[in-house]
Structures are given as structure tokens and as C-alpha cells.
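Student: Show me the folded form of this:
(one chain, ligands or ions: 1)
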Amino acid sequence: MIRVSNSQLGQFDRCHFAWHLGYEQGWAAKEVAQPLALGSFVHELLAIYYRNKDNVDPDEFINLASENYLMEAGSNLQKLEIVQRGLTIVKRYIPYAKQQDKHWNVIDVEKRFEIPLVTPMGVEYVLEGIIDLLYATGNGNLWLVDHKTVGHGKFWSDIEILMEPQMPTYAAGLRELGMPIFGITYNMLNTYEYKNKIPLPDQVFKRLNTHKTDQELANHLINMGNTVDEMVAVSSGNVRKRSMKRECSYCQFQDPCLAAVKGIDPLPLLEANFKNKKELQLEAVSSQQIAEVTDKKSLDFADLF
Ligand code: SF4
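Tutor: Got it, this is the predicted structure:
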């Protein structure tokens, strides 16, 4: 059965050929870019913090996390920088969060989900993803939280948040499971270092709440289903359109794509510069190896001891 994630849907919308290389064939960058690695590490720390926030002293949490992750990074300078920056960001975040989250009853953190759905054309598919955090307010309303790490001066605006597709995709899917999501909290953390001053909270944190009506979520689900129907048609038609836009300069597949445009087999370039997640997963014989392949860890505060 076809499985889709929000990032896959977005990639398909942007360029069918890039989607073909990344998702149908399974090619992925060998190295995670530093901003993405920092974002993942901050998410990891936030997950541990929110799983344990009622039982642990914030200073103890930061001390244990520092000890554990710095030791793990060893002498790898790139990892050390990510660990130090991530710890600084989360350390300055916790006092802010303690003030802002008083009404949050945390239900789940880093929750992986798979939701069976059907497209308008009757194709069965599975929507998969990971929810950063799910909380309920005192009146029982459910809220999704999306942690976003951003650069200096790059907070999302109200309009950008309203046009953001990932959380409505999750909310639309969960609604089909009978889990009505009342609202979405976008929790933004500025990752800039501020080496020479202590920043004000509104320079480094921003939260925006949105609400999607039932009608909006129903429409979103239809759009998502239409995209999946189009994916199936593109796959079976065996023609993947290239977007060929100025933004192609930012595409990780630009070199193999240009080779293919010139009629040159892109496979040697792909094999030299990318890893193939599908092949790696086939080779992985245990769930532990698969976790390493997909860069996912199971997280708990106990892991820090
Ligand atoms: S370089 Fe452009 S056309 Fe080629 S795969 Fe990337 S986005 Fe698509």
C-alpha cells in the first residue's frame, strides 16, 4: 500500500522528478545539513524535556543532557558544536516554557502515527508522520504542537503559518481517526547564538495558535487524496515531469537531474553522492539497525543516566 508523509507530498508538489529520486527510488543526502542536524537535536531535547517536565528539575535535566551528549559527541567538532548550540537553545527555552505551558496537559510527545485513508479515486493509502507534541487544555480541547527552529529574524508570520500544510495534514488525518484537533500551536525557537548579549524572550521565542474548521480539514483531506491519486497516475505513467525553476539551484538532486536532462545516466552520480534508504533498510536485519538507518532514536530521560 502506498505510504505518504507530509514531506513526500510537498516534494511531489514541487517537482515530480525530485520526488521520483527521493521517494520512489529512495536516494537521500549522505550527510544531514547542519541547520537540519541542529533542528533535529533541539527536537530531541524538547521531547525528553516534555516527557519528564513534571518530574525533573530543569537544571538537573540540562546538566545530565550536557554530560551525556557531550560525551557522545567526543572529539567530533561538528557534533560538539551542534550539541553545545542545542543545549544553549533549550536551556534558555525552559524558563519561558514553564511560564507559557501552564495550561498544557501533555498527552504525547514525538508520537509516530500511521493513519489509513482512501483517496477520492478509491486508492487506499497510509499517512505517516511524527507529532512533536499533543496536549489538552483544562476544558478537554486537543492541541497539536509543532516545534520550529528558525534562524535570526526568520520567525514565521501569521499568514505563513495559516498557509503551512503539515499540521493541517496531521489534524485532517487524526480527525478521520475520531480525534478532533481543536487547535495548533506553532512553537518557534530562534537558533541564533547571541554570543555577546543575552537576548530578550521575544527575540528568541514566538508562539502562534491557529484553529482549522471542520470544513477546512475536510477540504484538506480531499486535496491530499487528489495528490496521492496524481502520484499513482504519475508512477504508472512512468513520466516524471521536471519543475525546471530558478529554485532548482537549491535542489539536492540538481547534478543527477542535469545529467538526465543531457541524456546521461544519473546512476553513477547518485551512487557516488547519495545513500539509498530503501537498499539500506533491506540490508538492516534488526530494528536497531533500521533505527540507525532512519536516524530515529527512541528517547527517554532514563537514557541520560
Ligand atoms: S533540479 Fe529542479 S527539475 Fe531537477 S529534480 Fe531538482 S527541482 Fe526537479
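Student: all contacts plus neighbour counts: C-alpha atoms, from now on.
Tutor: Fine.
Student: Please enumerate the helices of the protein.
Tutor: In the chain, helices defined by DSSP state H lie at 6-14, 16-19, 34-52, 58-73, 77-100, 158-162, 166-176, 201-204, 214-237, 254-261, 267-273, 277-283, 287-293, listed in chain order.
Student: Give me the most central residue, the chain.
Tutor: In the chain, the C-alpha nearest the mean C-alpha coordinate belongs to Ile130, at 7.3 Å (CA atoms, centre = their mean).
Student: quick one: contacts for that residue?
Tutor: Ile130 makes contacts with 110-113, as judged by CA atoms under 8 Å, 6 or more residues apart in numbering.
Student: Any residues of the stretch 1-150 of the chain in contact with the ligand? List them.
Tutor: Contact residues, the stretch 1-150 of the chain versus the ligand (CA under 6 Å from any ligand atom): 15, 17-18.
Student: In those, which residue is surrounded by the most others?
Tutor: Counting neighbours by other CA atoms under 10 Å, Ala18 leads those with 26 neighbours.
Student: got the helices of the chain as CSV, with distance to Leu134 columns?
Tutor: Shown next, in CSV, are the helices of the chain (distance: least, CA to CA, whole Å):
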stretch, distance to Leu134
helix 6-14, 18
helix 16-19, 30
helix 34-52, 10
helix 58-73, 21
helix 77-100, 15
helix 158-162, 18
helix 166-176, 11
helix 201-204, 23
helix 214-237, 18
helix 254-261, 37
helix 267-273, 38
helix 277-283, 29
helix 287-293, 23
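Student: tell me the most buried of those helices?
Tutor: Among the helices of the chain, helix 16-19 has the highest mean neighbour count (mean count of other CA atoms under 10 Å), at a mean of 22.
Student: quick revisit: among the residues of the stretch 1-150 of the chain next to the ligand, which one lies nearest to the ligand?
Tutor: Closest to the ligand out of these is Ala18 (3.9 Å), distances taken as CA to the nearest ligand atom.
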